[in-house]
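1. Here is a sequence together with a model predicted from it:
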Amino acid sequence: MNDKKKLLEFLKSNRLMSLATYSDDLWISIVYYIVTNSFNFYFISDPKTKHGRDIATNKNIACAIADSHQRVKDNKKGVQIQGTASIVNNKIEIVNALISWNKVNPGFEKIINFKNIQKKILNDKIFKIEPKIIKFFNEELYGQEGYKIFKFGNKK
């Protein structure tokens, strides 16, 4: 398995992301996320939240994902991400993101769905994170304090 596949496997094995935003000051939030095979991340949130308002003002974000079950003596794995975030407006992309999100995070399909977003029963929106850089810490692959940087500069 190549390094990019190992990175994707790690990302898909976790559910929570620390999301840092900035407008007039710094903010950090925890969001449930999904990731696609093309390394786009999606999360669902109300655009009126602090991080939602920040993204509307400044799309540049930073994220971190780590397995919180790691012990100090274990080989460390985690990622740091730099990229951009925006609200998804494309209907097909919204539907696909919701289907994937509900597969990964089951139990809310009757609430978190396209119909409820469309009818404004649910105020939440789908946010998309497009990474520019993912720094993958993985001591198992790269040795102690080892990491690899993946660049995604061709994404628009």
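-> Yep, that arrived.
2. ok, what's across the strand from the residue most central in space within the chain?
-> For the chain, residue 41 is the residue whose C-alpha lies nearest the centre (C-alpha atoms, centre = their mean; 4.0 Å). Note on residue 41: beta-bridge partners residue 35, residue 129, judged by DSSP bridges.
3. can you pull the pLDDT of it?
-> Listed pLDDT for residue 41 reads 98.
4. do residue 120 as well
-> So residue 120 comes in at 87 (pLDDT).
5. Okay, and it sits in which element?
-> Assigned by DSSP states H and E, residue 120 belongs to neither a helix nor a strand.
6. So what's the residue count around residue 28?
-> Residues contacting residue 28 under the criterion other C-beta atoms under 10 Å number 13. The C-beta positions use only the backbone N, C-alpha and C, and glycine is treated the same way.
7. cool, the one 5 residues further on as well?
-> Each residue near residue 33 was counted by other C-beta under 10 Å, and the total is 22.
8. got the contact list for it?
-> By C-beta atoms under 8 Å, 6 or more residues apart in numbering, the residues touching residue 33 are 15-17, 41-43, 65, 129.
9. Can you name the next helix or strand after the longest helix seen in the chain?
-> Determined from DSSP state H, the single longest helix within the chain is helix 91-104. Sequence order places helix 114-118 as the next helix or strand after helix 91-104, per DSSP H and E.
10. And that next one, what does it pack against?
-> Judged by 3 or more C-beta pairs under 8 Å, 6 or more residues apart in numbering; DSSP states H and E, helix 114-118 is in contact with helix 91-104.
11. So what's the model's average confidence on the helix it packs on?
-> On average, helix 91-104 scores 95.
12. wait, the residue nearest to the centre of the chain sits on residue 152?
-> No - with contacts counted by C-beta atoms under 8 Å, residue 41 stays clear of residue 152, the gap being 11.2 Å.
13. who touches both of those two?
-> Contacts common to residue 41 and residue 152, judged by C-beta under 8 Å, 6+ apart, are residue 131.
14. related to what we said a few turns ago, so for the longest helix of the chain, what gets flagged as buried?
-> Judged by neighbour count using 16 or more other C-beta atoms under 10 Å, the buried positions of helix 91-104 are 94, 97-98, 101-102.
15. Turn those into CSV, including distance to residue 9.
-> Below are the buried residues of helix 91-104 laid out as CSV (distance: C-beta to C-beta, whole Å):
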residue, distance to residue 9
94, 26
97, 20
98, 23
101, 19
102, 21
